[in-house]
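S.K.: I would like to see how this sequence folds:
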Amino acid sequence: MDIGIMDFISQQLSEFYGYTAFANFDWRNLLMICVGLFFISLAIIKHYEPLLLIPIGFGIILGNIPFDLEAGLQIGIYEEGSVLNMLYQGVERGFYPPLIFLGIGAMTDFSSLLSKPKLVLLGAAAQFGIFAAYSSSLMLGFSPQEAGAIAIIGGADGPTAIFLSSKLAPEFIGPIAIAAYSYMALVPVLQPPVMRLLTTKKERLIRMKPPRAVPKQEKILFPIAGMLLTTFIMPTALPLLGMLFFGNLLKESGVTNRLAETARSSLIDIVTIFLGLTVGASTQANVFLTPQSLMIFGLGAASFIIATFSGVLFAKIMNVFSKEGDKINPLIGNSGVSAVPDSARVSQHVGLEYDKTNHLLMHAMAANVSGVIGSAIAAGILLSFLT
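M.R.: Modelled structure (predicted):
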């Protein structure tokens with residue numbers, strides 16, 4: 001064979017190899033791919049938030065298939081004009097989170113909160129973790145805007161974390177979103193030890209009064225009144241709380257069942273797929289693996305544990321001022337974070353460990369849905385002061 005042809009073939013093969021993932025491989029890509037596989041295994045084996053962790057885990061793998069960054073291939077999530085980059089705009093510009101809140105509102109029954117309004121205080125107490133993490137982030141050298149975006153992880157609310165970080169610290173959206181969703185998925189692992197540590201056996205056996213039946217008119221008026229009250233206090237929370245209460249009105253009005261069904265099924269499923277996949281893909285190793293990302297994960301874990309701690313502790317404080325027979329089982333204090341309905345399920349499961357007939361789920365849901373509102377208000381406060 002002619003030497004010129006051999007050189008040409010060799011050159012073409014070399015050029016082809018330069019485009020493959022093997023030629024651009026970095027150990028950091030392998031590390032992130034292992035993280036993605038770990039997320040997927042948690043979802044499938046342990047059933048930890050599979051609707052979130054499978055899209056995120058697969059997205060992490062997708063985002064860490066290495067390629068020549070200088071070739072201008074327009075395939076990476078950070079390359080303008082690529083398909084992934086276009087889908088990622090919903091994260092960067094913050095319009096996926098309000099759509100998620102619309103679906104959450106259409107799923108949520110606020111009856112338990114309306115039945116016992118004082119449980120809203122547990123949702124407020126759990127937000128202490130956010131402000132504790134904010135102070136810690138400042139001490140570690142993050143700017144006030146970055147600290148505010150990191151702190152919201154303590155609310156255990158992925159959409160709110162994405163919304164706030166897109167406004168305050170877009171360069172940290174990936175680590176913040178991954179941390180927030182990771183801790184949401186790990187609620188059954190992280191919260192029970194704190195709950196057991198802070199409560200006595202006697203407190204765990206407290207039986208709460210059954211919730212009252214809430215009339216339909218009250219359920220219809222609540223999303224309107226709730227939206228007006230919360231957004232007049234904190235207008236910056238309007239994109240999240242407005243959509244949350246709108247979705248709930250669709251559900252409770254009784255005349256927009258088709259819209260409510262779309263919001264809580266097809267719409268939220270589609271947005272969750274795009275959000276999870278693109279958030280996962282944003283963990284491209286050369287962008288994601290930094291000392292700041294590791295600190296964000298540490299601060300997020302601390303803020304989440306502090307939020308659980310403060311919720312349980314505040315429930316114990318409320319009992320000091322409550323009459324006998326109207327005590328709160330402090331095991332529902334963990335539900336003040338915004339991980340709906342996982343935190344409420346944890347309250348139920350831990351409570352049943354000590355009394356098989358003591359069902360705490362409905363009471364815990366009151367604290368849980370108030371946590372959703374509380375984290376959105378906390379995000380609005382941070383956005384107001386730090387923008």
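S.K.: please count neighbours and contacts with C-alpha atoms only from this point.
M.R.: Noted.
S.K.: how much space separates residue 336 from residue 197?
M.R.: According to CA to CA, to the nearest Å, residue 336 and residue 197 sit 17 Å apart.
S.K.: look at those two and report which has more neighbours.
M.R.: A count of neighbours by other CA atoms under 10 Å puts residue 336 above the other of residue 336 and residue 197, at 39 against 9.
S.K.: without its sequence neighbours, what residue ends up closest to that one?
M.R.: residue 123 (3.9 Å; CA to CA, 6 or more residues apart in numbering).
S.K.: what's in contact with stretch 35-42?
M.R.: 48, 50, 53-54, 56-61 (CA atoms under 8 Å, 6 or more residues apart in numbering).
S.K.: if we go to 10 Å?
M.R.: Stretch 35-42 has contacts (CA atoms under 10 Å, 6 or more residues apart in numbering) with 29-30, 32-34, 43-44, 46-50, 52-64, 182, 185-186, 280-281, 283.
S.K.: list the buried ones in it?
M.R.: Buried residues in stretch 35-42, counted by 16 or more other CA atoms under 10 Å: 35-37, 39-42.
S.K.: next, format those residues as JSON lines and append secondary structure, pLDDT and distance to residue 273.
M.R.: As requested, those are exported to JSON lines (DSSP: H, G, I helix; E, B strand; the rest coil; pLDDT from 0 to 100; distance: CA to CA, whole Å):
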{"residue": "35", "secondary structure": "helix", "pLDDT": "92", "distance to residue 273": "19"}
{"residue": "36", "secondary structure": "helix", "pLDDT": "94", "distance to residue 273": "15"}
{"residue": "37", "secondary structure": "helix", "pLDDT": "95", "distance to residue 273": "17"}
{"residue": "39", "secondary structure": "helix", "pLDDT": "92", "distance to residue 273": "15"}
{"residue": "40", "secondary structure": "helix", "pLDDT": "95", "distance to residue 273": "14"}
{"residue": "41", "secondary structure": "helix", "pLDDT": "94", "distance to residue 273": "18"}
{"residue": "42", "secondary structure": "helix", "pLDDT": "91", "distance to residue 273": "18"}
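S.K.: from those, which single one is nearest residue 342?
M.R.: Minimum separation from residue 342 among those (CA to CA) is found for residue 42, which lies at 15.1 Å.
S.K.: that closest one and residue 50: what is the separation?
M.R.: Per CA to CA, residue 42 is found 8 Å from residue 50.
S.K.: who touches both of the two?
M.R.: Shared contacts of residue 42 and residue 50 (CA under 10 Å, 6+ apart): 57, 185.
S.K.: right, I'll call it a day here.
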